[in-house]
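[1] could you look at this predicted model? Sequence included:
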Amino acid sequence: MFTLRHLSYFVAVADAGGITGAARSLHVSQPSISAALGQTRAASGPANSSFAITPMGLSLTSAGRRLLGQARPADRAR
């Protein structure tokens with residue numbers, strides 16, 4: 001199960017392209033973002049990993065793009 005905080009962190013990471021940028025934009029620690037992403041991954045299952053690690057940071061997988069489409073409206077409502 002995702003909380004609104006998990007979804008907010010997920011959207012911020014997707015928008016920033018990485019955990020550092022998301023942490024800065026949300027004014028929270030990087031470990032907080034990492035923990036939330038880990039919980040999101042655990043809830044959705046390892047086979048549905050939302051991000052792929054690239055030399056330029058994180059990029060969304062197809063599962064991540066689907067989740068982002070669902071998470072963005074919830075994040076805006078927050």
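    Looks like it arrived, so ask away. Residues are numbered from 1 along each chain as shown.
[2] show me what the helix or strand of the chain with the lowest mean pLDDT is packed against.
    One helix or strand of the chain scores below all others by mean pLDDT, DSSP states H and E: strand 51-54, with a mean of 80. Using 3 or more C-beta pairs under 8 Å, 6 or more residues apart in numbering; DSSP states H and E, the elements in contact with strand 51-54 are strand 57-60. Where C-beta positions appear, they are placed from N, C-alpha and C, glycine not excepted.
[3] quick one: strands adjacent to the strand it packs on?
    strand 51-54 (antiparallel) (DSSP bridges).
[4] wait, what's in contact with the most centrally placed residue in the chain?
    The centroid of the chain falls nearest to Phe10 when counting by C-alpha atoms, centre = their mean (2.0 Å). Residues near Phe10 by C-beta atoms under 8 Å, 6 or more residues apart in numbering: 2, 36-37, 40, 50, 67-68, 71.
[5] now do Ile33, the pLDDT please.
    Looking at Ile33, its pLDDT stands at 93.
[6] for Ala14, same thing?
    Reported pLDDT for Ala14: 90.
[7] same thing with Ala23?
    For Ala23, the predicted pLDDT is 96.
[8] just the pLDDT at the residue nearest to it when sequence neighbours are not counted, thanks.
    Distance criterion C-beta to C-beta, 6 or more residues apart in numbering; nearest residue to Ala23, sequence neighbours excluded, is Gln30 at 4.6 Å. The score at Gln30 is 95. That number is its pLDDT.
[9] now swap in Pro46 and tell me
    66.
[10] the residue nearest to Ala23 contacts Ile19, doesn't it?
    Yes. Taking contacts as C-beta atoms under 8 Å, Gln30 lies within contact range of Ile19: 5.3 Å.
[11] tell me which of those two has more neighbours.
    Counted by other C-beta atoms under 10 Å, Gln30 and Ile19 do not tie: Ile19 has more neighbours, with 22 against 13.
[12] so which helix or strand takes in the residue lying closest to the more buried one once chain neighbours are set aside?
    Distances taken as C-beta to C-beta, 6+ apart place Ile33 nearest to Ile19, at 4.8 Å, with adjacent residues excluded. Following DSSP states H and E, one finds Ile33 within helix 30-44.
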